[in-house]
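> Provide a 3D model corresponding to the input given below.
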Amino acid sequence: MSPHKSTVKKIAKHPHYFPDSFRNDYANMAYIDHYKNASIVLERRVDIESLKDTFIPKVFKERTWSKLLNPMGDVYDCIIREFFANAFLECDHINCWVRGREFTISRDLIQELLEIQLTTPDTSLHYDERKEKLEPLVQVLGGQLKKKALHTIELSPEMRASAYIMIFNLYPMKNLTTLSGPRTVFLHDLFTHKEIDICGQIYHLFVKCIKKRKSRLTLPFPSLVMSLISRARVKIPSGLPVMQREEPISEQTIIWSKAHIPGPSIDVSQIPRDEAAEIDRFTSIPEDTP
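Have a look, this model is predicted:
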(Lines give C-alpha, C1' and ligand atoms only; values in the text may rest on other atoms or scores of the structure.)
Protein backbone atom coordinates (compact mmCIF):
# COMPACT_ATOMS: atom_id res chain seq x y z
CA MET A 1 0.00 0.00 0.00
CA SER A 2 1.26 3.45 -0.88
CA PRO A 3 2.27 5.45 2.25
CA HIS A 4 0.27 8.41 0.88
CA LYS A 5 -2.96 6.52 0.22
CA SER A 6 -4.53 7.14 3.62
CA THR A 7 -3.68 10.84 3.38
CA VAL A 8 -5.26 11.07 -0.06
CA LYS A 9 -8.40 9.40 1.24
CA LYS A 10 -8.59 11.82 4.16
CA ILE A 11 -8.28 14.82 1.87
CA ALA A 12 -10.99 13.40 -0.36
CA LYS A 13 -13.35 13.49 2.63
CA HIS A 14 -13.18 17.32 2.51
CA PRO A 15 -13.60 18.27 -1.16
CA HIS A 16 -14.63 21.88 -0.56
CA TYR A 17 -11.35 23.80 -0.81
CA PHE A 18 -11.49 27.59 -0.91
CA PRO A 19 -8.18 29.03 -2.24
CA ASP A 20 -9.03 32.56 -1.09
CA SER A 21 -9.34 31.39 2.53
CA PHE A 22 -6.72 28.62 2.85
CA ARG A 23 -3.16 28.31 1.66
CA ASN A 24 -3.59 24.60 0.81
CA ASP A 25 -5.92 21.65 1.28
CA TYR A 26 -4.28 20.70 4.60
CA ALA A 27 -5.19 24.09 6.06
CA ASN A 28 -8.70 23.60 4.73
CA MET A 29 -8.84 20.23 6.50
CA ALA A 30 -7.59 21.79 9.73
CA TYR A 31 -10.34 24.39 9.51
CA ILE A 32 -13.08 21.79 9.03
CA ASP A 33 -11.75 19.34 11.62
CA HIS A 34 -10.65 21.73 14.38
CA TYR A 35 -11.40 25.44 13.92
CA LYS A 36 -14.75 25.73 12.18
CA ASN A 37 -16.69 25.19 15.42
CA ALA A 38 -14.04 26.29 17.93
CA SER A 39 -15.03 28.79 20.62
CA ILE A 40 -13.69 32.33 20.31
CA VAL A 41 -13.29 34.36 23.50
CA LEU A 42 -13.70 37.99 22.46
CA GLU A 43 -11.88 40.45 24.71
CA ARG A 44 -13.92 42.92 26.73
CA ARG A 45 -12.97 46.49 27.48
CA VAL A 46 -12.07 47.18 31.11
CA ASP A 47 -13.34 50.44 32.59
CA ILE A 48 -10.53 50.99 35.10
CA GLU A 49 -11.79 54.45 36.05
CA SER A 50 -15.13 53.08 37.26
CA LEU A 51 -13.23 50.52 39.37
CA LYS A 52 -11.18 53.18 41.20
CA ASP A 53 -12.68 52.27 44.59
CA THR A 54 -11.46 48.67 44.28
CA PHE A 55 -8.00 47.10 44.38
CA ILE A 56 -8.13 46.35 40.64
CA PRO A 57 -6.47 49.57 39.34
CA LYS A 58 -3.52 48.95 41.68
CA VAL A 59 -3.07 45.47 40.21
CA PHE A 60 -2.56 46.95 36.75
CA LYS A 61 -0.91 50.26 37.71
CA GLU A 62 2.67 49.13 37.06
CA ARG A 63 1.80 46.88 34.13
CA THR A 64 1.87 48.39 30.63
CA TRP A 65 -1.08 46.32 29.47
CA SER A 66 -3.46 49.10 28.43
CA LYS A 67 -3.93 47.73 24.90
CA LEU A 68 -4.90 44.34 26.30
CA LEU A 69 -7.44 45.95 28.61
CA ASN A 70 -8.86 48.24 25.91
CA PRO A 71 -9.19 46.15 22.73
CA MET A 72 -10.14 48.14 19.67
CA GLY A 73 -11.32 47.44 16.15
CA ASP A 74 -13.70 45.01 14.50
CA VAL A 75 -13.25 41.27 14.83
CA TYR A 76 -14.46 38.80 12.19
CA ASP A 77 -14.85 35.26 13.44
CA CYS A 78 -14.28 33.72 9.97
CA ILE A 79 -10.93 35.53 9.68
CA ILE A 80 -9.87 34.37 13.17
CA ARG A 81 -10.65 30.75 12.27
CA GLU A 82 -8.78 31.05 8.97
CA PHE A 83 -5.79 32.58 10.77
CA PHE A 84 -5.36 29.57 13.06
CA ALA A 85 -6.14 27.01 10.34
CA ASN A 86 -3.43 28.41 8.04
CA ALA A 87 -0.75 28.98 10.71
CA PHE A 88 2.15 26.65 11.47
CA LEU A 89 5.16 26.83 13.79
CA GLU A 90 8.53 27.53 12.22
CA CYS A 91 11.58 27.74 14.54
CA ASP A 92 10.99 30.71 16.87
CA HIS A 93 8.04 32.21 15.04
CA ILE A 94 4.61 31.42 13.64
CA ASN A 95 4.22 31.42 9.88
CA CYS A 96 0.85 32.93 9.00
CA TRP A 97 -1.20 33.20 5.82
CA VAL A 98 -4.44 35.16 5.60
CA ARG A 99 -6.33 35.95 2.39
CA GLY A 100 -3.28 35.46 0.18
CA ARG A 101 -0.73 37.37 2.27
CA GLU A 102 2.02 35.55 4.20
CA PHE A 103 3.60 37.01 7.34
CA THR A 104 5.19 35.91 10.60
CA ILE A 105 4.49 36.45 14.28
CA SER A 106 6.95 36.23 17.16
CA ARG A 107 6.93 37.00 20.86
CA ASP A 108 8.96 40.15 20.22
CA LEU A 109 6.50 41.34 17.57
CA ILE A 110 3.61 40.90 20.02
CA GLN A 111 5.51 42.93 22.60
CA GLU A 112 6.22 45.67 20.07
CA LEU A 113 2.60 45.85 18.90
CA LEU A 114 1.18 45.96 22.44
CA GLU A 115 3.88 48.42 23.61
CA ILE A 116 4.54 46.35 26.73
CA GLN A 117 7.70 46.87 28.76
CA LEU A 118 10.09 43.94 28.95
CA THR A 119 9.82 42.10 32.29
CA THR A 120 11.87 39.44 34.03
CA PRO A 121 9.53 36.91 35.68
CA ASP A 122 10.75 34.66 38.48
CA THR A 123 10.46 31.57 36.28
CA SER A 124 10.67 30.81 32.57
CA LEU A 125 8.04 28.09 32.89
CA HIS A 126 4.68 28.65 31.25
CA TYR A 127 1.67 28.59 33.53
CA ASP A 128 0.49 25.19 32.30
CA GLU A 129 3.93 23.83 33.24
CA ARG A 130 4.07 25.20 36.78
CA LYS A 131 3.32 22.86 39.68
CA GLU A 132 2.63 25.15 42.64
CA LYS A 133 0.40 23.85 45.39
CA LEU A 134 -2.93 25.57 45.05
CA GLU A 135 -4.03 25.55 48.70
CA PRO A 136 -1.77 28.46 49.80
CA LEU A 137 -2.84 30.47 46.75
CA VAL A 138 -6.52 29.95 47.46
CA GLN A 139 -5.99 31.21 51.01
CA VAL A 140 -4.87 34.50 49.47
CA LEU A 141 -7.46 34.69 46.70
CA GLY A 142 -10.43 33.33 48.61
CA GLY A 143 -12.95 31.05 46.97
CA GLN A 144 -13.22 27.30 47.26
CA LEU A 145 -10.84 24.68 45.89
CA LYS A 146 -12.46 21.55 44.51
CA LYS A 147 -10.00 18.93 43.31
CA LYS A 148 -7.61 21.00 41.14
CA ALA A 149 -9.94 23.89 40.30
CA LEU A 150 -10.88 27.14 41.98
CA HIS A 151 -14.59 27.99 41.98
CA THR A 152 -15.14 31.70 41.34
CA ILE A 153 -18.66 31.76 42.81
CA GLU A 154 -17.20 31.98 46.32
CA LEU A 155 -14.71 34.75 45.45
CA SER A 156 -15.29 38.29 46.65
CA PRO A 157 -17.00 40.50 44.04
CA GLU A 158 -13.77 42.40 43.38
CA MET A 159 -11.74 39.20 42.99
CA ARG A 160 -14.39 37.79 40.68
CA ALA A 161 -14.14 40.91 38.51
CA SER A 162 -10.37 40.40 38.41
CA ALA A 163 -10.94 36.80 37.38
CA TYR A 164 -13.24 37.95 34.56
CA ILE A 165 -10.55 40.34 33.29
CA MET A 166 -8.14 37.41 33.22
CA ILE A 167 -10.65 35.06 31.57
CA PHE A 168 -11.53 37.44 28.74
CA ASN A 169 -8.34 39.45 28.19
CA LEU A 170 -5.29 37.68 29.63
CA TYR A 171 -5.73 33.90 29.89
CA PRO A 172 -8.88 33.12 27.88
CA MET A 173 -11.33 30.34 28.60
CA LYS A 174 -15.09 29.79 28.26
CA ASN A 175 -15.90 28.69 31.80
CA LEU A 176 -16.59 31.65 34.09
CA THR A 177 -17.17 29.65 37.26
CA THR A 178 -14.18 27.29 37.50
CA LEU A 179 -10.51 28.26 37.16
CA SER A 180 -8.02 25.57 36.26
CA GLY A 181 -4.81 25.22 38.25
CA PRO A 182 -2.68 27.28 35.82
CA ARG A 183 -5.24 30.08 35.79
CA THR A 184 -5.40 30.06 39.58
CA VAL A 185 -1.62 30.54 39.64
CA PHE A 186 -1.89 33.35 37.08
CA LEU A 187 -4.60 35.14 39.08
CA HIS A 188 -2.47 34.86 42.23
CA ASP A 189 0.57 36.31 40.42
CA LEU A 190 -1.62 39.11 39.10
CA PHE A 191 -3.10 39.93 42.51
CA THR A 192 0.25 39.77 44.34
CA HIS A 193 1.99 42.05 41.79
CA LYS A 194 4.44 39.43 40.53
CA GLU A 195 6.16 39.91 37.20
CA ILE A 196 4.28 38.21 34.36
CA ASP A 197 5.71 37.68 30.89
CA ILE A 198 2.35 38.34 29.27
CA CYS A 199 3.79 38.47 25.74
CA GLY A 200 5.43 35.08 26.22
CA GLN A 201 2.12 33.81 27.61
CA ILE A 202 0.17 35.08 24.59
CA TYR A 203 2.66 33.57 22.14
CA HIS A 204 2.57 30.26 24.03
CA LEU A 205 -1.23 30.12 23.83
CA PHE A 206 -1.10 30.84 20.10
CA VAL A 207 1.37 27.97 19.64
CA LYS A 208 -0.81 25.60 21.67
CA CYS A 209 -3.84 26.35 19.48
CA ILE A 210 -1.80 25.62 16.37
CA LYS A 211 0.10 22.52 17.53
CA LYS A 212 -2.35 20.76 19.83
CA ARG A 213 -5.35 20.64 17.57
CA LYS A 214 -8.28 18.93 19.24
CA SER A 215 -12.05 18.86 19.15
CA ARG A 216 -12.51 21.41 21.97
CA LEU A 217 -10.42 24.45 21.14
CA THR A 218 -10.74 27.95 22.51
CA LEU A 219 -9.25 30.55 20.18
CA PRO A 220 -7.64 33.36 22.21
CA PHE A 221 -6.98 37.08 21.70
CA PRO A 222 -9.02 37.66 18.53
CA SER A 223 -8.65 41.46 18.76
CA LEU A 224 -4.88 41.06 18.91
CA VAL A 225 -5.00 38.65 15.97
CA MET A 226 -6.91 41.26 13.94
CA SER A 227 -4.28 43.89 14.86
CA LEU A 228 -1.49 41.55 13.71
CA ILE A 229 -3.36 40.90 10.47
CA SER A 230 -3.87 44.64 9.96
CA ARG A 231 -0.17 45.26 10.58
CA ALA A 232 0.59 42.79 7.77
CA ARG A 233 -1.68 44.87 5.48
CA VAL A 234 -4.02 42.03 4.73
CA LYS A 235 -7.04 43.18 2.71
CA ILE A 236 -10.22 42.07 4.49
CA PRO A 237 -13.32 41.79 2.27
CA SER A 238 -16.17 44.13 3.11
CA GLY A 239 -19.48 42.84 4.37
CA LEU A 240 -18.17 40.20 6.76
CA PRO A 241 -20.23 39.82 9.98
CA VAL A 242 -18.61 41.55 12.97
CA MET A 243 -18.43 39.88 16.38
CA GLN A 244 -20.26 41.86 19.06
CA ARG A 245 -18.41 42.68 22.26
CA GLU A 246 -20.04 42.28 25.63
CA GLU A 247 -20.41 45.23 27.97
CA PRO A 248 -17.16 46.51 29.56
CA ILE A 249 -15.99 45.00 32.82
CA SER A 250 -16.71 47.81 35.25
CA GLU A 251 -18.23 48.77 38.56
CA GLN A 252 -21.52 47.41 37.20
CA THR A 253 -19.90 44.00 36.85
CA ILE A 254 -19.29 43.98 40.61
CA ILE A 255 -22.87 45.07 41.29
CA TRP A 256 -24.19 42.24 39.13
CA SER A 257 -21.91 39.80 40.95
CA LYS A 258 -23.06 40.94 44.39
CA ALA A 259 -26.62 40.06 43.44
CA HIS A 260 -25.63 36.38 43.42
CA ILE A 261 -23.28 36.12 46.40
CA PRO A 262 -24.64 35.00 49.79
CA GLY A 263 -24.91 37.71 52.42
CA PRO A 264 -25.77 41.40 52.10
CA SER A 265 -26.33 42.27 48.47
CA ILE A 266 -28.45 44.48 46.28
CA ASP A 267 -31.93 43.35 45.39
CA VAL A 268 -32.16 41.57 42.04
CA SER A 269 -35.10 43.81 41.10
CA GLN A 270 -32.67 46.74 41.02
CA ILE A 271 -30.82 45.23 38.07
CA PRO A 272 -32.02 46.33 34.63
CA ARG A 273 -33.82 43.62 32.70
CA ASP A 274 -31.44 43.83 29.78
CA GLU A 275 -28.64 42.66 32.07
CA ALA A 276 -30.40 39.42 33.01
CA ALA A 277 -28.52 37.45 30.38
CA GLU A 278 -25.22 38.77 31.78
CA ILE A 279 -26.12 37.55 35.26
CA ASP A 280 -27.12 34.16 33.92
CA ARG A 281 -23.72 33.87 32.23
CA PHE A 282 -21.91 34.65 35.46
CA THR A 283 -23.80 31.99 37.39
CA SER A 284 -24.11 29.22 34.82
CA ILE A 285 -21.54 26.46 34.47
CA PRO A 286 -20.62 26.14 30.80
CA GLU A 287 -18.59 23.32 29.33
CA ASP A 288 -15.05 23.36 30.64
CA THR A 289 -12.14 23.97 28.31
CA PRO A 290 -8.67 22.49 28.52
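
> count of neighbours near Ile249?
24 (other Cβ atoms under 10 Å). C-beta here means a position set from N, CA and C on the backbone, and glycine is covered the same way.

> surely it touches Ile48?
No - using Cβ atoms under 8 Å as the test, Ile249 is too far from Ile48 to be in contact (9.4 Å).

> quick one, helices of the stretch 1-150 of the chain?
For the stretch 1-150 of the chain, the helices defined by DSSP state H, counting those that start in this stretch occupy 5-12, 25-30, 56-61, 66-69, 77-86, 107-114, 134-141.

> what residue lies at the spatial centre of this protein?
Pro172 (2.6 Å; Cα atoms, centre = their mean).

> in contact with that one, which residues?
41, 205, 218, 220-221 (Cβ atoms under 8 Å, 6 or more residues apart in numbering).

> per-residue confidence at it?
Pro172 carries a pLDDT value of 95.

> where does it sit: helix, strand or coil?
Look at Pro172: counting by DSSP: H, G, I helix; E, B strand; the rest coil, its state is coil.

> now it, what are its backbone angles?
Torsion angles at Pro172 (phi, psi; degrees, to the nearest 10) stand at phi -60, psi 150.

> so how far is Gly142 from it?
22 Å (Cβ to Cβ, to the nearest Å).

> what of Ile153?
Going from Ile153 to Gly142 by Cβ to Cβ gives 11 Å.

> Ser124: neighbour count?
Residues contacting Ser124 under the criterion other Cβ under 10 Å number 9.

> again, but for Leu113
16.

> check what pLDDT the residue lying closest to it once chain neighbours are set aside gets.
Nearest non-adjacent residue to Leu113, counting by Cβ to Cβ, 6 or more residues apart in numbering: Ser227, 6.1 Å away. pLDDT for Ser227: 97.

> is Ser227 in a helix, a strand, or coil?
Per three-state DSSP, Ser227 ends up helix.

> how many neighbours does it have?
Ser227 has 19 neighbours, counted by other Cβ under 10 Å.

> and for Ile153?
Applying other Cβ under 10 Å, we find 17 other residues in the vicinity of Ile153.

> ditto for Leu155
Applying other Cβ under 10 Å, I find that Leu155 has 22 neighbouring residues.

> for it, grab phi and psi.
Here is the backbone geometry of Leu155 (degrees, to the nearest 10): phi -70, psi 160.

> next one: it relative to Phe18, how far apart?
45 Å.

> now swap in Ser230 and tell me
22 Å.

> repeat for Val140
50 Å.

> next one: Ser238
Relative to Phe18, and taking Cβ to Cβ, Ser238 is found at 18 Å.

> more neighbours: which of these two?
Higher neighbour count among Ser238 and Phe18: Phe18, with 10 against 5, using other Cβ under 10 Å.

> do you know the pLDDT at that one?
On the pLDDT scale, Phe18 gets 70.

> and what of Lys131?
On the pLDDT scale, Lys131 gets 88.

> and Glu287, by the same measure?
At Glu287, pLDDT is 40.

> run through who's touching the lengthiest helix in the chain.
What stands out as the longest helix in the chain, according to DSSP state H, is helix 198-211. For helix 198-211, the surrounding residues in contact (Cβ under 8 Å, 6+ apart) are 63, 65, 68, 84, 87-89, 94, 105-108, 110-111, 114, 116, 126-128, 170-172, 186, 217-221, 224.

> list residues touching both of Ile153 and Gly142?
Common neighbours of Ile153 and Gly142 (Cβ under 8 Å, 6+ apart) do not exist.
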